[in-house]
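Asker: let's see this in three dimensions:
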Amino acid sequence: ARVTTAVTILQREPDETKRKQSLVRFVQLRKPLAEIYTEALRAPVSVESEAARQADMDAVRDLIEEIGADQTTDYWRVRVLTQAELWEKGCRARLDPGDDGADVSEYKAGKWGQYLRGPDVWFELLALVGPRLVPFYELAQVRRGFTSGVDDFFCVRDVTEEQLRLLPDAGAFRAKWGLDPNETRQVHIIRDGRGESHLVEARFLEPELHSLMEAKAVVVHVKDVGRVVVNASVSRATLRRTRLGEYVAYGERQGWHTRVTVASRARSRPWYDLGLRPKPKRAQMFWPKSQQYRHIAAWNEDLLPGNDNLYDVWAFEGVESRLLWAMLNSTVVALSKHQFGRAAGVEGNLKTEVVDVKMMLVPDVRGVPAELVARTVAAVEQMAKRVSRNLPDEFALPDRQALDDAVLEILGVADPVERVALRTRIYAALSELYAATRTRELIAQKDRLRSNRTATLTAADMSDELWEQNQEALGLLQFPEDFLRRSPRGEPFDLPPG
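Answerer: Just a heads-up that it's a prediction; the model follows:
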């Protein structure tokens, strides 16, 4: 598990005033309990009985309960907040579009995990910049992308060009598809999620971004995506004698129109009508629901519709949209998302629900000087010219460093030397996090391989295992010296022309 053991100790307090003054201690243990006992109490752990060992651990608990302020040692880190502070933070959260923040009497949401698992540099940043980190709901609107209810029908592959290449002879193409090749401007060939091919009018199809995996950089274009979505805001009467009508009938024979989400949509409009927003009203940028080693908030250059694997993001009035996009791609936000998202399994996957994204603390980009806006946007636009890499692999790149330097200045870190030092600590913390995640991922993959008796070990599996067991003795060859033949030194001389 990502957290081996988490213990919550609660005690009922009926008096509201006392309850709000009560201290909540978030304790991250950095050594085994036995070592903590030995170091903190300067005595060996009892070995005579289980009851004696439990008494020793009670002594450790009593030490923690005496802590009244934040404390970091070699063996633990304790973050201390009052219940009133946690309550007020949860009441101030604005998660619904119509919430103006006036009602703070009801607890709405809170992200307490950050106090337990956040790296030290996260709390250093919070202490340094204070209110310049704000919940994302203050800057932008966040909505889930479209939910089709049956991607097999709606999110399909356009294989028109593929078929034209496979059947270059017009007669052969006509024999198979009942179309002349020049008619494919109006009618396209699609392949549904089950691998069946169909004809649908081009006007009912539109490229869609299905997942972040399709985004190669921090800007996404039509040429990057591999699917089209059936976008048909038309009546039943309009379907008569159309290829789309035949496709809809096929979908109904599969029973796709009876699925829960689809049937619910059919109460207000035809089941095949996703109700996609018109192009001018589409998201300015996308935030991914699930993410692994890359950090990308993709600018929606061609106003594509996004699947529910992605969240649509619009900057509020008064917030410069390109600056917001730049800020979202910064390493500060990459650090923040790990405090507000949640780990999914052991495959290095981080999930951020809409509520997580809204509550995520981000740099406040309102009121930024024009020169700093230009520098920040120029940095992310430079990043957009290249393929995005795993985040730790970008830390040495000038464009990544330029963006992060500008964002730290937006946060009020005025001294360039201090910005470099802070950026370096943030990079180190995230590099450590990603390395630990990758290690857990590899262990999980090997455990899965061992449990699958039908699986066969590959040469790569065996070489990985040999390297892990012997890497200190083996070492790596150094380039270029280990690749040059050892021989006596020669004498240099110039060859004559010709």
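Asker: which residues of the stretch 251-400 of the chain fall in strands?
Answerer: 285-288, 290-291, 298-300, 310-315, 342-344, 349-351, 361-363 (DSSP state E, counting those that start in this stretch).
Asker: nearest to residue 39, of the ones you listed?
Answerer: Nearest of the strands of the stretch 251-400 of the chain to residue 39, taken as CB to CB: strand 342-344 at 29.7 Å. Yep, even glycine has a C-beta here, placed from its N, CA and C like the rest.
Asker: list the buried ones in the closest one?
Answerer: Residues of strand 342-344 classed as buried: residue 343 (neighbour count, 16 or more other CB atoms under 10 Å).
Asker: one more: stretch 218-233?
Answerer: 218, 219, 220, 221, 224, 225, 227, 228, 229, 230, 231, 232.
Asker: could you do stretch 374-393 as well?
Answerer: 375, 376, 377, 379, 380, 381, 383, 384, 388, 391, 392.
Asker: ok, stretch 436-446 next?
Answerer: So, applying 16+ other CB under 10 Å, buried residues of stretch 436-446: 437, 440, 441.
Asker: now, the residues you listed that are in helices?
Answerer: Among the buried residues of stretch 436-446, the ones falling in helices (DSSP state H) are 437, 440, 441.
Asker: now, among these, which is nearest to residue 93?
Answerer: Nearest member of these to residue 93, counting by CB to CB, is residue 437, at 27.9 Å.
Asker: do you know how far the closest one is from residue 430?
Answerer: Here residue 437 is placed at a distance of 10 Å from residue 430 (CB to CB, to the nearest Å).
Asker: residue 207 now?
Answerer: Distance from residue 207 to residue 430, by CB to CB: 33 Å.
Asker: try residue 114
Answerer: 15 Å.
Asker: what sits against residue 423?
Answerer: 331, 401, 404, 405, 408 (CB atoms under 8 Å, 6 or more residues apart in numbering).
Asker: among those residues, name the ones in helices.
Answerer: 331, 401, 404, 405, 408.
Asker: how about CSV for those, with neighbour count, distance to residue 371 and pLDDT added?
Answerer: Formatted as CSV, the ones in helices among the contacts of residue 423 follow (neighbours: other CB atoms under 10 Å; distance: CB to CB, whole Å; pLDDT from 0 to 100):
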residue, neighbour count, distance to residue 371, pLDDT
331, 22, 22, 98
401, 19, 18, 98
404, 25, 17, 98
405, 20, 14, 98
408, 26, 15, 98
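Asker: which one of those is nearest residue 18?
Answerer: residue 408 (41.0 Å).
Asker: that closest one contacts residue 417, correct?
Answerer: No - assessed by CB atoms under 8 Å, residue 408 is found out of contact with residue 417, at 11.7 Å.
Asker: need the pLDDT of residue 497.
Answerer: pLDDT, residue 497: 68.
Asker: same deal with residue 243?
Answerer: For residue 243, the pLDDT comes out at 96.
Asker: ok, it touching residue 203?
Answerer: No - with contact defined as CB under 8 Å, residue 243 does not count as touching residue 203 (10.6 Å).
Asker: for residue 108, helix, strand, or coil?
Answerer: When classified by DSSP: H, G, I helix; E, B strand; the rest coil, residue 108 comes out as coil.
Asker: what's the burial count for it?
Answerer: Using other CB atoms under 10 Å, residue 108 has 17 other residues around it.
Asker: any regions of this structure where pLDDT drops low?
Answerer: 1-5, 97-102, 104, 345-348, 444-445, 447-457, 461-462, 464-482, 484-498 (pLDDT under 70).
Asker: center of it, which residue is that?
Answerer: residue 291 (3.3 Å; CA atoms, centre = their mean).
Asker: hey, where'd the helices end up in the stretch 51-200 of the chain?
Answerer: Along the stretch 51-200 of the chain, counting by DSSP state H, counting those that start in this stretch, helices occupy 83-92, 113-117, 120-129, 151-154, 160-166, 170-177.
Asker: may I see the buried residues of the third one?
Answerer: Read it as helix 120-129. 121, 122, 123, 125, 128, 129.
Asker: for it, give me every contacting residue.
Answerer: 70, 72, 77, 79, 114, 133, 332, 335-336, 339, 361, 363, 411-413, 422, 425-426, 428-429.
Asker: list buried residues within these.
Answerer: Neighbour counting over the contacts of helix 120-129 (16+ other CB under 10 Å) leaves 77, 79, 114, 133, 332, 335-336, 339, 361, 363, 411, 413, 422, 426, 429 as the buried ones.
Asker: most widely separated two among the residues you listed?
Answerer: Top of the distance list for the buried ones among the contacts of helix 120-129 (CB to CB): 77 and 363, 24.6 Å.
Asker: can you put the buried residues of stretch 436-446 in JSON lines and add distance to residue 180?
Answerer: Converted to JSON lines, the buried residues of stretch 436-446 look like this (distance: CB to CB, whole Å):
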{"residue": "437", "distance to residue 180": "54"}
{"residue": "440", "distance to residue 180": "56"}
{"residue": "441", "distance to residue 180": "51"}
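Asker: name the nearest of the residues you listed relative to residue 53.
Answerer: Nearest to residue 53 among the buried residues of stretch 436-446, counting by CB to CB, is residue 440 at 29.5 Å.
Asker: my read: residue 144 touches residue 311, true?
Answerer: Yes - contact criterion CB under 8 Å: residue 144 and residue 311 qualify, at 5.9 Å.
Asker: find residues that contact each of these two.
Answerer: In contact with both residue 144 and residue 311: residue 354, using CB under 8 Å, 6+ apart.
Asker: neighbour count: these two, which is higher?
Answerer: Between residue 144 and residue 311, residue 311 has the larger neighbour count (other CB under 10 Å), namely 23 against 15.
Asker: and the nearest residue to residue 29 once chain neighbours are set aside, how many neighbours?
Answerer: Of all residues not flanking residue 29 in the chain, residue 76 sits nearest, at 5.3 Å (CB to CB, 6 or more residues apart in numbering). Residues near residue 76, counting by other CB under 10 Å, number 19.
Asker: show me what contacts residue 76?
Answerer: With contact taken as CB under 8 Å, 6+ apart, residue 76 is in contact with 27, 28, 29, 30, 31, 36, 64.
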